[in-house]
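Trainee: dropping the sequence and predicted coords here.
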Amino acid sequence: MKFFVDTAETDQIAELNDLGMVDGVTTNPSLILKSGRDILEVTKEIAEMVDGPVSAEVVALKADEMIAEGRKLAAIAGNIAVKVPLTWDGLKACKVLSGEGHMVNVTLCFSANQALLAAKAGATFISPFIGRLDDINLDGMELIADIRTIYDNYGFETQILAASIRTVNHAFQAAHIGADVMTAPPSVIKKMAEHPLTDQGLKTFMADWEKTGQKIL
């Protein structure tokens, strides 16, 4: 499973990248706002920092304008994935941009039918939003499972990018179902290393070690 980091904070990306935990990065207008950075500047910096795909999102609503914005974003670096919304105009933009050889991440997916259309339009990634479905009492993981089945049925190469991941359980379940990629905030990725029994065992080891009176260094 590939790990994408869902942030535009370059210091947090660098920390995880040094550990080999970054296979790509996803950004969106909300994350750009939070960073306080210029979209072109910060996207270029991130793309130079990581080897994998860096998603940069268009903000236009009409296909022609999405395509123009997508081309400008793709020109930043060779590893840019242009992010477009799952609307009819977004699908048109996806078809054109993917046809030109650009990676395209189709975002804001909330149904298997939407995911099927994105795959037909040539999307590199489909981003179903788990947490936002959970917010309205729907099971985001059922959507991941449905897309996995449909894509496997027909051999679609579009990668399932589980997005809106908010908990370590989301991360586990997405991996268990077979999502190709997950994108999560740095805080969630770090929490995946935590377990109370690990903490308890370490506490016991440290107490016993102190009793030995020994030192390694």
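Mentor: Looks like it arrived, so ask away.
Trainee: quick one: contacts for residue 134?
Mentor: Residues in contact with residue 134 (Cβ atoms under 8 Å, 6 or more residues apart in numbering) are 140, 166. For every residue, glycine as well, the C-beta is placed using N, CA and C.
Trainee: what does residue 147 give?
Mentor: By Cβ under 8 Å, 6+ apart, the neighbours of residue 147 are 112, 115, 126, 128, 160.
Trainee: list buried residues within the residues you listed.
Mentor: Neighbour-count burial (16 or more other Cβ atoms under 10 Å) applied to the contacts of residue 147 gives 112, 115, 126, 128, 160.
Trainee: in stretch 113-122, what's buried?
Mentor: Of all the residues in stretch 113-122, those buried under the rule 16+ other Cβ under 10 Å are 114-119, 121-122.
Trainee: picking up where we left off before, dump the contacts of residue 147 to JSON lines, plus secondary structure, distance to residue 182 and pLDDT.
Mentor: Shown next, in JSON lines, are the contacts of residue 147 (DSSP: H, G, I helix; E, B strand; the rest coil; distance: Cβ to Cβ, whole Å; pLDDT from 0 to 100):
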{"residue": "112", "secondary structure": "helix", "distance to residue 182": "18", "pLDDT": "98"}
{"residue": "115", "secondary structure": "helix", "distance to residue 182": "16", "pLDDT": "98"}
{"residue": "126", "secondary structure": "strand", "distance to residue 182": "13", "pLDDT": "98"}
{"residue": "128", "secondary structure": "strand", "distance to residue 182": "11", "pLDDT": "98"}
{"residue": "160", "secondary structure": "strand", "distance to residue 182": "9", "pLDDT": "98"}
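Trainee: of these, closest to residue 82?
Mentor: Within these, the smallest distance to residue 82 is 13.8 Å, found for residue 126 (Cβ to Cβ).
Trainee: if we can go back for a sec, let's have the buried residues of stretch 113-122 in TSV, adding distance to residue 9 and secondary structure.
Mentor: Listed next are the buried residues of stretch 113-122 as TSV, based on distance: Cβ to Cβ, whole Å; DSSP: H, G, I helix; E, B strand; the rest coil:
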residue	distance to residue 9	secondary structure
114	29	helix
115	29	helix
116	34	helix
117	33	helix
118	28	helix
119	31	helix
121	31	coil
122	31	coil
